[in-house]
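Colleague: Sequence and predicted model, in that order:
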Amino acid sequence: MKIVKVSAIPMSAPVPEEKRHRTDLGTKVKSDATLIRVETDDGLTGIGAALGTPPIVAAIVEHELAAECVDEDPMFSERIYEKMYNGSRSRPALERGITQADESRRRGVIMEAIAGIDIAVWDVKAQVLGISLYQALGATRSSVRGYASGGWAPGDEAETELAGYAEKGFTAAKMRVVGRDGFSISNCVRRVKAARRGLGPNVELMIDAHGSLEVATAIKLAKELEPYDIAWFEEPVSPDDHAGQAEVRRSTTIPIASGEREFTRFDFQDLLERRALDIAQPDVARAGGMTEIRRIAALTSAHGVRLAPHAWGSGVLFAASIHVAMAAPNCHILEVSQGYMPMMWELFNEPFDIRLDGMVHAPDRPGLGFTLRPDALERFRYVDGPNTSSSGIMLTAKTLPYVGVAGWRARRRILGVIEHIPIRNRDHRSALGSFRTREANLTAWRLAEKQWPNCRVTPAVNRRPAKAQNCPTAIRSRQREGLTQSGGYNLFVLTSWKADPGPHVISKLAARCGSDQHHCRCR
């Protein structure tokens, strides 16, 4: 048996406006995925899922990886993975038994494409054997505890939202550190306290910061949340800061979880060597597919670290994650999304078997165990453009650093001149206008928000560099405004380029809100 064709199909599921909500990641306008197909000369077809920008993944599969898989026997799954991973040096790598990874394939979108192909190869392999994929991997169990993954509600509304997850039968639930009402430590504590009320004492509660906090803030937040019996604190800091994550872990009794944005066992090896995590969360569609995630599971098990696969994406990704959870001995729980995700729940003919006690059961059909609905490719036809919009995100002086370097410049100048600065937030371009108001002018806030839908006005703590805080101009400015070391109010106008308000609109807002412009050479 030989592989005769490998293909990639970009897919999208637009999010209706009434289903959208703001988080620290932006406003989700669509969900994207790439469906990978591996076809054999025996008429079998395996499917896989890859993360990454779909058209780019498709181009990588078509122009680079497909040729390396065609004519290979899908039963030799390890060989196919090593061939893709090592590229032109795959032959000496296998002959010598030493990994010689192609420099462009160790991480990033090419590794995500490799992961998708690997899942599809394993699907074919299990079909040939006539058994379910998790049994081909080496079964540990046929069911696993699921946890409800959501938790965006603002303030005390988190009580009702999390209680709803418990009512579905889940014995564990996860909420986001940054809710729809933005982030502050006191706000997060209020939301967690409400969530704990909703769940009661017997349902596990996890929190997820999406890597959005700096080390000091993460440590302070963890200390504040320890009384609420948190099962884990997920991605407290950037995934690029393994040392910082280890520092957070040493500072708290809350277990630390991370790994959804890591690639291959080598990234996890660094986390383990730094003693930076208690729960590993590899994503099968990013970390390297079934082949590599087996190695990650073995590696983490050797260090006494549990596995909780990240499973946020298409139905194919979730199905593959089910099989990972059933095969890995150190897996104790599986993520079950509570977001609006039709491409997860409405992609297959067969439903996922999630029962009233919150347990997720494996399919008993050969291979991945799921088949695409006849209209799936047409219904989820790819929609061009970024899947997250920065338009409408609530920005405060604290959250501005999340938008990147130019956002940091805006944050430094926020107490001064009216700004209209082009910024880049990942793949999303937008225009930011901001200014400081002299006082709490609620009338102006409401007027601005009514007149410009993308306008957000929020009280904020402004933290300027020490030099700016202590310069004579800044001190006089604070005295005039009756402010102490920090405080004040910010108004932000955030739009896409297509709806650019222009400097004249920002100036008009400044006039209506009575902005007080102070120029300081230290800013």
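Modeller: Ah, there it is.
Colleague: C-alpha from now on. contacts and neighbour counts both.
Modeller: Fine.
Colleague: Pull the contacting residues for the residue positioned nearest the centre of the chain.
Modeller: The C-alpha lying nearest the average C-alpha coordinate of the chain belongs to His210 (Cα atoms, centre = their mean; 6.1 Å). For His210, the contacting residues are Asp24, Arg176, Glu234, Glu235, Pro236, Val237, Ser238, by Cα atoms under 8 Å, 6 or more residues apart in numbering.
Colleague: Let's verify it: helix, strand, or coil?
Modeller: The three-state assignment at His210 reads coil, by DSSP: H, G, I helix; E, B strand; the rest coil.
Colleague: Could you measure from it over to Leu334?
Modeller: Here the distance between His210 and Leu334 works out to 18 Å (Cα to Cα, to the nearest Å).
Colleague: One more: Ser258?
Modeller: Ser258 is 14 Å from Leu334, where distance means Cα to Cα.
Colleague: of these two, who's got more company?
Modeller: Using other Cα atoms under 10 Å, the more surrounded residue of Ser258 and Leu334 is Ser258, with 31 against 27.
Colleague: gap between that one and Asp102?
Modeller: Plainly put, Ser258 is 26 Å away from Asp102 if you go by Cα to Cα.
Colleague: Could you list the low-confidence segments of the stretch 301-450 of the chain?
Modeller: When residues are selected by pLDDT under 70, those of the stretch 301-450 of the chain lie in 389-450.
Colleague: Which stretches in it count as helices?
Modeller: The residue ranges that make up the helices of the stretch 301-450 of the chain, judged by DSSP state H, counting those that start in this stretch, are 315-327, 342-345, 376-379, 405-413, 442-451.
Colleague: in the sheet, who's paired with Ala257?
Modeller: In this entry, Ala257 is beta-bridged to Glu234, Ile279, by DSSP bridges.
Colleague: I'd guessed it sits against Glu235; true?
Modeller: Yes. Taking Cα atoms under 8 Å as the definition, Ala257 is a contact partner of Glu235 at 6.3 Å.
Colleague: Please identify which of the two sits among more neighbours.
Modeller: Neighbours were counted for Ala257 and for Glu235 using other Cα under 10 Å; Ala257 has more, 27 against 24.
Colleague: Distance check, that one against Leu225.
Modeller: 15 Å.
Colleague: isn't Ala320 right next to Asp283, touching?
Modeller: No. Look at Ala320 against Asp283 with Cα under 8 Å: they stay out of range, at 9.8 Å.
Colleague: The two: which is more packed in?
Modeller: The residue with more neighbours, out of Ala320 and Asp283 and counting by other Cα under 10 Å, is Asp283; that gives 32 against 28.
Colleague: In contact with the more buried one: list those residues for me.
Modeller: Counting by Cα under 8 Å, 6+ apart, Asp283 makes contact with Gly259, Glu260, Arg261, Pro309, His310, Ala311, Ser321.
Colleague: do you know how far Arg275 is from Asp283?
Modeller: Note on Arg275: its distance to Asp283, by Cα to Cα, is 20 Å.
Colleague: what's the answer for Glu17, then?
Modeller: 28 Å.
Colleague: Check Leu137 too.
Modeller: From Leu137 across to Asp283, the span is 16 Å (Cα to Cα).
Colleague: now do Gly116
Modeller: Gly116 sits 11 Å away from Asp283, going by Cα to Cα.
Colleague: same deal with Val124?
Modeller: 20 Å.
Colleague: Next: Gly155.
Modeller: The gap separating Gly155 from Asp283 is 30 Å, by Cα to Cα.
Colleague: and what of Ser314?
Modeller: Using Cα to Cα, Ser314 is found at 12 Å from Asp283.
Colleague: repeat for Gly46
Modeller: For Gly46, the distance to Asp283 (Cα to Cα) stands at 19 Å.
Colleague: Pull out the buried residues from the longest helix anywhere in the chain.
Modeller: When the chain is scanned for its longest helix (criterion: DSSP state H), the result is helix 108-129. Applying a neighbour-count criterion of 16 or more other Cα atoms under 10 Å, the buried positions in helix 108-129 are 108-128.
Colleague: Thanks again, I'm all set now.
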